[in-house]
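Asker: Model the structure of this input:
(one chain, ligands or ions: 1)
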Amino acid sequence: MASGEVDAFDSVLDAIGGTPLIRLARIAPRVYVKAEFLNPGGSVKDRAALAMVLAAERSGALPPGGLIVEGTSGNTGIGLAIVAAQRGYRLTVVVPDKTSAEKTAILRAYGAEVVVTPGAVAREDPAHVRQVARRLAAERGGWLADQYDNPANPAAHRETTGPEIWRQTRGRITHFVAGIGTGGTVSGAGAYLKEVSGGRVRVVGADPEHSVYSGGDGSPYLVESIGHYRHPDTAEDLWPQSYHRDVLDRVEAVGDRESILTARRLAREEGLLLGASAGTAVAVALRLAAEAGPDDVIVVVVPDSGRSYLSKYYDDDWVLRLGFPVEQAGGPTVSDVIGPLPPAPPGLPATASVGEALADGHPATLRPVGPRASGPPSVAEVTGTLDVAELRLMLTAGVARPADPIAGYVTDPLPAIGIGESREAALARLGTHEAAWGLVDGRVAGTIHKGQLES
Ligand SMILES: Cc1ncc(COP(=O)(O)O)c(C=O)c1O
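Answerer: Numbers count the residues shown, from 1 in each chain. Alright, predicted model coming up:
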């Protein structure tokens, strides 16, 4: 590795991997984090990016000076950008619009072309990240890295991440925890650790609540880069081939609130500024630690740094606006003023008829409209508002008919306010509107009327 006369890596590519294990000395001394944010591109994905490019060079799929195209939540793109710079490729990266502004800025800084596309669409939709990436690669004669189905992705973790952890723990690891995005990390490192330990190491996947990997309905969640979203119009929900479910002993679901608050706690109590997917994974590790025996050694992959999310999980305004609880100075909050919200009005699918919309007899006057009928809708999926009381009057007057689609009666979504925001901030966001959705943990938990805030 050292380059002749100086004690140095030959290039930035040789600085990928070999990350330290760091004990959570204050929060959970049995838990060790694998500090993947210390890779040169700032994330675990440097490993997969390098391995995929080397494999494509070997197979001839990526010719010298060629174009690399990838659909990614950002970090794989950053890893590819480093490899592209070093080995002379051009790079186009397609990211979903949920990707943090920091990550797209970093990609551009490396000289990558960044194409932003809507995240909340069906897999078959031509606007879907993977469809756009596939189309651009075909149109431009580029090589699609395709981390979701590329065997070099899990192989990178089987060959590097897993063996490093085994060596670093001197074979004493008992539990391995990683978030599941493409599944490359947990499948590759997990498979190695299971094999080398004769099946002793427990492999546990960490998944955002609502993601389909842990049995959720696939509705949106706010942690970036892990889990599996499923739009209701998705016809065939294929899981990535990089995810080998049989390697995992179990998959634990973690709510956005627990993930975000765990990440924020790690910054303040351990001095580790990490992304929210690290919060998800550490939350699972903390659950395991609570039941751990004296010889247990729990290793958890922390994939990237919180520096990529200063505008999100570490921005108090962002966190409060979405209805997550964080301490703040200042006057009374929305929930101080209005008390508990009435039970959340379930969402109405945008395709419902007037008759269907009125059939459930829910007492709420204003109903959020979005693609899903079940549970409190994620604010990310709310596309409109239906005034049910008005619709009832129109039905009685014969202006509306039961078979009419509700689409003709739906108005814009209400503004959204977090129930932990200050009353002043909430009133400012309401502006001239008379009502808003009250959000708890990023989901519509009820309707708040202006009068309630002013009283
Ligand atoms: C921040 C972050 N966390 C977790 C993951 C998930 O890793 P994997 O795709 O190996 O499952 C990724 C992958 O992009 C990531 O960027």
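
Asker: May I have the residues that are in contact with the residue of the stretch 51-200 of the chain at minimum distance from the ligand?
Answerer: Closest contact between the stretch 51-200 of the chain and the ligand, by Cβ to the nearest ligand atom, is at Gly181 (2.8 Å). (Each C-beta comes from the backbone N, C-alpha and C, glycine too.) Gly181 sits next to Ser73, Ser225, Ile226, Gly227, Ser277 when contact means Cβ atoms under 8 Å, 6 or more residues apart in numbering.

Asker: ok, now with 10 Å
Answerer: By Cβ atoms under 10 Å, 6 or more residues apart in numbering, Gly181 lies in contact with 44-45, 72-73, 75-76, 147-148, 207, 213, 224-228, 240, 242-243, 277, 303.

Asker: How about Ser11?
Answerer: Contacts of Ser11 by Cβ under 10 Å, 6+ apart are Ser3, Pro40, Ile82, Ala85, Gln86, Arg87.

Asker: now it: how far from Ala85?
Answerer: 10 Å (Cβ to Cβ, to the nearest Å).

Asker: contact partners of the helix or strand containing Ile106?
Answerer: Ile106 belongs to helix 101-109 when assigned by DSSP states H and E. The contact list for helix 101-109, computed with Cβ under 10 Å, 6+ apart, reads 41-43, 72-75, 77-78, 80-81, 91, 93, 95, 97, 99-100, 112-116, 224-225, 275, 304-312.

Asker: Same question for stretch 195-203.
Answerer: Residues outside stretch 195-203 that contact it (Cβ under 10 Å, 6+ apart) are 158, 162-163, 165-166, 169, 171-178, 186-187, 189-194, 244, 247-251, 288, 296-299.

Asker: centre of the chain versus it, how much separation?
Answerer: Relative to the centre of its chain, stretch 195-203 is centred 28 Å away, using Cα atoms, centre = their mean, to the nearest Å.

Asker: Any idea how many residues pack against Glu236?
Answerer: 7 (other Cβ atoms under 10 Å).

Asker: who's in contact with it?
Answerer: Glu236 touches Ala122, Arg123, Glu124, counting by Cβ under 10 Å, 6+ apart.

Asker: Would you agree the first one is in contact with Thr234?
Answerer: Yes. The pair formed by Ala122 and Thr234 meets the contact definition of Cβ atoms under 10 Å, at 4.4 Å.

Asker: Report the residue ranges of every domain in the chain.
Answerer: According to automatic domain parsing, the chain is divided into the following domains: 8-39+151-309, 45-144, 318-454.

Asker: now that we have the contacts of Ser11, which one has the most neighbours?
Answerer: Most surrounded of the contacts of Ser11: other Cβ under 10 Å gives Ile82, at 24 neighbours.

Asker: ok, that one - contacts?
Answerer: Neighbouring residues of Ile82 by Cβ under 10 Å, 6+ apart: 11-13, 15-16, 39-42, 46, 49-50, 53, 91, 110.

Asker: Which two of those residues have the greatest separation?
Answerer: Greatest spatial distance in the contacts of Ile82: Ala15 and Leu91, 19.2 Å, computed using Cβ to Cβ.

Asker: Who has more neighbours out of those two?
Answerer: Neighbour totals were compared for Ala15 and Leu91, and Leu91 leads with 24 against 17 (other Cβ under 10 Å).

Asker: That one and Gly142 touch, don't they?
Answerer: Yes. Leu91 is within contact range of Gly142, at 9.0 Å (criterion: Cβ under 10 Å).

Asker: shared neighbours of the two, anything?
Answerer: Here Leu91 and Gly142 have Leu67, Ile68, Val69, Glu70 as joint contacts, going by Cβ under 10 Å, 6+ apart.

Asker: now the last one, nearest residue through space, not along the chain?
Answerer: Okay, so that is Glu70. Closest residue to Glu70 apart from its sequence neighbours, by Cβ to Cβ, 6 or more residues apart in numbering: Ala145 at 4.2 Å.

Asker: Verify the stated contact: that neighbour with Leu54.
Answerer: No. In this structure, Ala145 is not within contact of Leu54 by Cβ under 10 Å, at 11.6 Å.

Asker: Common neighbours of those two, please.
Answerer: What both Ala145 and Leu54 touch, as defined by Cβ under 10 Å, 6+ apart, is the set Leu62, Val83, Ala152.

Asker: Dump the residues you listed into CSV; add neighbour count and pLDDT as well.
Answerer: Output for those, formatted as CSV (neighbours: other Cβ atoms under 10 Å; pLDDT from 0 to 100):
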residue, neighbour count, pLDDT
Leu62, 21, 98
Val83, 25, 98
Ala152, 24, 98
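
Asker: Filter those residues to keep only those in contact with the ligand.
Answerer: By Cβ under 6 Å from any ligand atom, no member of those lies near the ligand.

Asker: State whether Ala289 is indeed within a helix.
Answerer: Yes. Assigned with DSSP: H, G, I helix; E, B strand; the rest coil, Ala289 falls within a helix.

Asker: between the contacts of Glu236, which is nearest Ala25?
Answerer: Using Cβ to Cβ, those come closest to Ala25 at Arg123, 42.8 Å.

Asker: Let me know the pLDDT of that closest one.
Answerer: pLDDT recorded at Arg123 is 89.

Asker: all strands of the stretch 151-300 of the chain, in order?
Answerer: For the stretch 151-300 of the chain, applying DSSP state E, counting those that start in this stretch gives strands covering 175-179, 202-208, 250-254, 298-302.

Asker: Any idea how far apart the tips of stretch 351-365 sit?
Answerer: Using Cα to Cα, to the nearest Å, the end-to-end distance of stretch 351-365 comes out at 19 Å.

Asker: thinking again about what came up before, can I get the shared contacts of Ala145 and Leu54 in TSV including distance to Arg264?
Answerer: Formatted as TSV, the shared contacts of Ala145 and Leu54 follow (distance: Cβ to Cβ, whole Å):
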residue	distance to Arg264
Leu62	40
Val83	32
Ala152	34
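
Asker: Among the contacts of Ile82, name the buried ones.
Answerer: Listed as buried from these are 13, 15-16, 39-42, 46, 49-50, 53, 91, 110; burial here means 16 or more other Cβ atoms under 10 Å.

Asker: give me the number of residues near Gly271?
Answerer: For Gly271, the neighbour count with other Cβ under 10 Å is 10.

Asker: Could you check how far it is from the ligand?
Answerer: Gly271 is 19 Å from the ligand, where distance means Cβ to the nearest ligand atom, to the nearest Å.
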